[in-house]
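Asker: below are the sequence and a predicted model; questions follow.
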Amino acid sequence: MRKRLFFWELGGFLFTALAGTLLHFVYGWSGGSVLTAAFSAVNESTWEHMKLLFFPMFLFSVVQVCALGRNYPNLLAARAVSTLAGLVLIPALFYTYTGVLGFHVMWADIAVFFLADLGAFVLDFRLLRRGRFSQPWQQVLGLIALWALAFCFVWCTFRPVPVALWRDPVTGRFGV
């Protein structure tokens, strides 16, 4: 069972890496569609890059719950915790390295995304394997947290908070 879980988590990491990379370009490819704006990056802000991690993980979670839900009664809470950890890693790593260097480098920005993805799925694997957060109330809280994050990402694309996390460093604008 542990080997099966490892391959599911590896698949989740790879799916998130690939889908997140593609989502970086979907809004532009769509000609600025409002529908694609909801789940893909609309600008180069850190917030929009966090969206690239969240939505593939969210979609993979739906698939994984359907396939493994009964075997891992802690899946929703563990995924909520690991998703939050990955989302926190993106600004933490990005602002740390750019603060030290004083500028950003494209390959490092890409590495930040992949490290956050890897960190999220490594934590997820450990939490699932150890059975942490398996109480029913924790599953409900995990489900609420994931849906609340989905709502926040969509809402803040169209109603961004005017702080640096939401500012596009290229244009200086916020949101769409």
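Answerer: The structure has been received and is ready for your questions.
Asker: where exactly do the helices run in the chain?
Answerer: For the chain, the helices defined by DSSP state H cover 2-29, 34-37, 46-68, 75-101, 106-130, 136-158.
Asker: can you tell me how far the closest residue in space to Phe174 that isn't next to it in sequence is from Thr171?
Answerer: Of all residues not flanking Phe174 in the chain, Pro160 sits nearest, at 4.0 Å (C-beta to C-beta, 6 or more residues apart in numbering). (Glycine included, C-beta is placed from N, CA and C.) For Pro160, the distance to Thr171 equals 13 Å [C-beta to C-beta, to the nearest Å].
Asker: wait, what's in contact with the residue nearest to Phe174?
Answerer: Neighbouring residues of Pro160 by C-beta atoms under 8 Å, 6 or more residues apart in numbering: 45, 47, 166, 174-175.
Asker: Val170 reaches Asn43, doesn't it?
Answerer: Yes: using C-beta atoms under 8 Å, Val170 is in contact with Asn43, at 7.2 Å.
Asker: okay, those two: which has more neighbours?
Answerer: Between Val170 and Asn43, counting by other C-beta atoms under 10 Å, Asn43 is the more crowded of the two (21 against 9).
Asker: surely the more buried one meets Gly175?
Answerer: Yes: here Asn43 lies in contact with Gly175, judged by C-beta under 8 Å, at a distance of 7.4 Å.
Asker: can you put the helices of the chain in JSON lines and add mean pLDDT?
Answerer: Formatted as JSON lines, the helices of the chain follow (pLDDT from 0 to 100):
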{"stretch": "helix 2-29", "mean pLDDT": "95"}
{"stretch": "helix 34-37", "mean pLDDT": "95"}
{"stretch": "helix 46-68", "mean pLDDT": "95"}
{"stretch": "helix 75-101", "mean pLDDT": "96"}
{"stretch": "helix 106-130", "mean pLDDT": "96"}
{"stretch": "helix 136-158", "mean pLDDT": "96"}
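Asker: let me have those in JSON lines, extended by mean neighbour count.
Answerer: Shown next, in JSON lines, are those (neighbours: other C-beta atoms under 10 Å):
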{"stretch": "helix 2-29", "mean neighbour count": "16"}
{"stretch": "helix 34-37", "mean neighbour count": "15"}
{"stretch": "helix 46-68", "mean neighbour count": "20"}
{"stretch": "helix 75-101", "mean neighbour count": "19"}
{"stretch": "helix 106-130", "mean neighbour count": "18"}
{"stretch": "helix 136-158", "mean neighbour count": "15"}
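Asker: no more questions from me, cheers.
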